[in-house]
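Visitor: Requesting a structural model of the entry that follows:
(one chain, ligands or ions: 1)
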Amino acid sequence: MLFLVDDADLVRRQLAGEDLAFPPAAPLRDDISTDEITPAYVCYYYDETLGDFPYLGMRAGGEFPLERGTVRAGGFVCSVSGKRRGKGSSREQSPYAELTAGIRLVVAESIERIYRENCQNLGLLTSTDFSVLERVRRGEEIPLSAFTSGEGEITRGIIEYGGLFQYNVARLQGKVVVPRPETPPRPMSLAEKILARHWVTDLAANDVGVPAVAPGDEGFVRTDIRFSHEYVTPMAAIFWRDYVGAEEPIVDPASVFFFRDHLTFLELAMTDERKAQGLLDIALELKRQQEDFAERQGVRLYGELPRGGPGVPVQGSEAICHSKILEQHALPGQLVIGSDSHTPHAGAIGALAFGVGTTAVFNSWMTKDVRIEVPPSVLIRVNGQRPENVTAKDFMLQILRHPYVKDGHAIGKIVEYAGDAVAQLSVDERATMTNMAAEVGAFTGIIRPDEQVVAFLARERGLPPAEVRQMLDGLCSDEGAAFETVIDIDASTLRPMLALPGDPGNGLFIDELGARVRVDIAYGGSCTAGKKEDMDMYARVFRDALEQGRRVHPDVRCFIQCGSQEVKRYCDEQGYLDVFARVGAAFIEPSCGACINAGPGVSYDRDTVTVSAINRNFPGRSGPGQLYLASPYTTAASAVAGYVTAWQPLRGASPG
Ligand code: SF4
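Guide: Take a look at the predicted model:
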């Protein structure tokens, strides 16, 4: 057994062969994110080589005690940790690295939804029952029922068949019949209604739809859109080749999208040491694999902009996946799955969108559906008039420090955002909230679509308003819909916030910060903060600064990176590209970039301080430095001031 404890020496002693008693002498690590299990650069691998790397990014007592190959060499079968195991990104490389290192069982106090599903889909057992440890230690044969008790029929079947693909084949062969939910008509939440409309009742006959669903109902739901990016597509394509056959066509390729967004700028951010290890070549293989699979399958790939030839720096991407899905594809009432934890982004227009792992993506190419257990719904209402310098990001940092969320009670649940302060937000700002449902740990985030959505779809896609209004029919939570918890936030009491380094839940008002925090890097970009309205906010602050004869502080490197070519065109039209250039902010073409430690704006040492408008600041997420999360206004104002500060929207007053 490997106890992941907050003590580097104790971890090293286990790797050297020492068996620890339970409970171990040091506390079990809580909040082990998938970034810590498999840091981003490890995910350039997409085969069994991943088994060399589990926990390489895990901090224990401030150190990183695990090295390449140590878990595999230790012969561990069981990995044990504390609360919120597997939080963060939905990357399936994490459980796959554990599995291929020899781990067969993960035990933790609580386990995040996507990570747990990924484990089940791959055939890696999970438990929150620590009594199982003694049985493992004794070498006892443990019946599968120890891991399936309390699970629904489908999850039980997937665990018993040893993974999702094996289960789905049995489904297609008629060996497994998924029972229909028996839920009678009831008041439903918005998300429950969308799930009921998409419920697969007969896969072979293409029958979809049930009158009602309720939390706990298990089944499969038909997708309208499936997408994946270059971190995931190659691994799923290999599963496809190995299990289905390389030449077999995927089902309905017109509703599948691939994205080259995460690693476009990697060569500009990767250290020479990593390049010397051959990691850049491995990472570029992800791009080639995805391009090849897209071409063979006739799938639309939002790719990389053309390079100018050898030695010419990469030019960027067409778009970040979430940005493009919201801008161009998702519609109210649709069901969207993506290979990424921030897929709920599209919930901003009232689509039900959620992240799934590689195995689920690969299976959806075959069945067009995805497994679901209806989660309970939670209502978060934000009412009141927000101050002008308080944004959706500040709402989210306040929500993330709410005890219900911070203690993990929202994990795996549907979060519906409502209230007049939310209704007043644009679709772009709403997307910051639904996007950051991932940081809440929620299954998804969604907002009732309204006239803002009608205007957005008319403006951005040229859809006739009457047609959009028809789509909105019934897309609201019923009177009497069951919400497990209602959280109320008063927007009028909020002030600009930031999250201290380490976790998005470390929120506080900026004016509570105490000592001045100098800034080395200011980064405004990512799916969360690379939208048109985010650009409006950066430009608004920078224009103020320019009017006062100020520029980005000489000690700060400032980067503005948009989420899509469409956003770049908008910046050009609005004159923002000129504003960014004059104020001294480097404008970068679309890509995930620094958000995933793979582009301009990453930190290179522990002392570097970054203020960033991205969505998460887990250790190592954007380099080894200290990363403070903040709104676009705060990020831009801090870039000018040279220290973390809120923007004061008094025309003529200096930022900060
Ligand atoms: S910008 Fe960041 S959070 Fe968004 S999809 Fe890319 S890596 Fe994920």
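Visitor: Can you list the buried residues in the longest helix along the chain?
Guide: Determined from DSSP state H, the single longest helix within the chain is helix 279-297. For helix 279-297, the neighbour count (16 or more other Cβ atoms under 10 Å) marks L279, L280, A283, L286, K287, Q289, Q290, E291, F293, A294, Q297 as buried. The C-beta positions use only the backbone N, C-alpha and C, and glycine is treated the same way.
Visitor: again, but for stretch 236-245
Guide: Residues A236, A237, I238, F239, W240, V244 are the ones in stretch 236-245 that count as buried (16+ other Cβ under 10 Å).
Visitor: What of stretch 414-425?
Guide: I414, V415, E416, Y417, A418, G419, A421, V422, A423, L425.
Visitor: ok now do F456, which residues does it touch?
Guide: For F456, the contacting residues are I349, S426, V427, by Cβ atoms under 8 Å, 6 or more residues apart in numbering.
Visitor: From those, which land in helices?
Guide: Short answer: those in helices (DSSP H) are V427.
Visitor: Show me how far stretch 588-608 is from its chain's centre.
Guide: Distance, stretch centre to chain centre, for stretch 588-608: 17 Å (Cα atoms, centre = their mean, to the nearest Å).
Visitor: just stretch 258-266 next, same as before
Guide: So, by Cα atoms, centre = their mean, the centroid of stretch 258-266 is 15 Å from its chain's centroid.
Visitor: Send me it as CSV with only the CA atoms.
Guide: The C-alpha atoms that make up stretch 258-266 are tabulated as CSV, following Å, rounded to 0.1, in the frame of the first residue of the first chain:
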residue,chain,number,x,y,z
PHE,A,258,-11.5,18.0,-32.4
PHE,A,259,-9.3,20.8,-31.1
ARG,A,260,-5.7,21.6,-31.2
ASP,A,261,-5.6,24.1,-28.4
HIS,A,262,-3.8,22.9,-25.3
LEU,A,263,-0.2,22.5,-26.6
THR,A,264,0.0,24.9,-29.5
PHE,A,265,2.6,27.1,-27.9
LEU,A,266,4.4,24.4,-26.0
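Visitor: The helix or strand of the chain with the lowest mean pLDDT: which residues count as buried?
Guide: Every helix and strand of the chain was ranked by mean pLDDT, DSSP states H and E. The lowest is helix 266-269, at a mean of 84. Residues of helix 266-269 classed as buried: L266, L268, A269 (neighbour count, 16+ other Cβ under 10 Å).
Visitor: Mind checking what helix or strand follows that helix in sequence?
Guide: Reading on from helix 266-269 to the C-terminus, the next helix or strand found by DSSP states H and E is helix 272-276.
Visitor: ok, D536 - contacts?
Guide: The contact partners of D536, by Cβ under 8 Å, 6+ apart, come to Q574.
Visitor: Tell me how far it lies from K324.
Guide: To K324, D536 is 19 Å away according to Cβ to Cβ, to the nearest Å.
Visitor: A helix includes K175, no?
Guide: No: per DSSP: H, G, I helix; E, B strand; the rest coil, K175 lies outside any helix segment and is coil.
Visitor: tell me which parts of this protein are close to the ligand?
Guide: Proximity of the chain to the ligand, by Cβ under 6 Å from any ligand atom, involves residues H262, I320, H322, D340, H342, S526, C527, C592, C595, I596, N615.
Visitor: Reformat the residues you listed as TSV; add pLDDT, neighbour count and secondary structure.
Guide: Listed next are these as TSV, based on pLDDT from 0 to 100; neighbours: other Cβ atoms under 10 Å; DSSP: H, G, I helix; E, B strand; the rest coil:
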residue	pLDDT	neighbour count	secondary structure
H262	93	26	coil
I320	98	33	coil
H322	98	34	helix
D340	92	29	coil
H342	96	28	coil
S526	97	30	helix
C527	98	29	helix
C592	95	31	coil
C595	93	29	helix
I596	89	25	helix
N615	96	25	coil
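Visitor: of all the buried residues of stretch 236-245, which comes closest to the ligand?
Guide: Closest to the ligand out of the buried residues of stretch 236-245 is A236 (16.8 Å), distances taken as Cβ to the nearest ligand atom.
Visitor: any idea what sits nearest the closest one, other than its immediate chain neighbours?
Guide: Nearest residue to A236 in three dimensions, chain neighbours excluded: F362, at 4.0 Å (Cβ to Cβ, 6 or more residues apart in numbering).
Visitor: from what I can see P344 touches M433, true?
Guide: No: with contact defined as Cβ atoms under 8 Å, P344 does not reach M433; the gap is 9.2 Å.
Visitor: so what's in contact with the two at the same time?
Guide: Shared contacts of P344 and M433, counting by Cβ under 8 Å, 6+ apart, come down to G445.
Visitor: These two: which has the busier surroundings?
Guide: P344 (31 against 28; other Cβ atoms under 10 Å).
Visitor: Contact partners for that one?
Guide: P344 sits in contact with A353, F354, G355, T434, N435, A437, A438, A442, T444, G445, I446, where contact means Cβ under 8 Å, 6+ apart.
Visitor: Now the residue in the stretch 151-300 of the chain that the ligand sits nearest to: closest residue in space, sequence neighbours ignored.
Guide: Sorted by distance to the ligand under Cβ to the nearest ligand atom, the residues of the stretch 151-300 of the chain start with H262, at 5.6 Å. The shortest distance from H262 to any non-neighbouring residue, by Cβ to Cβ, 6+ apart, is to C592 (4.5 Å).
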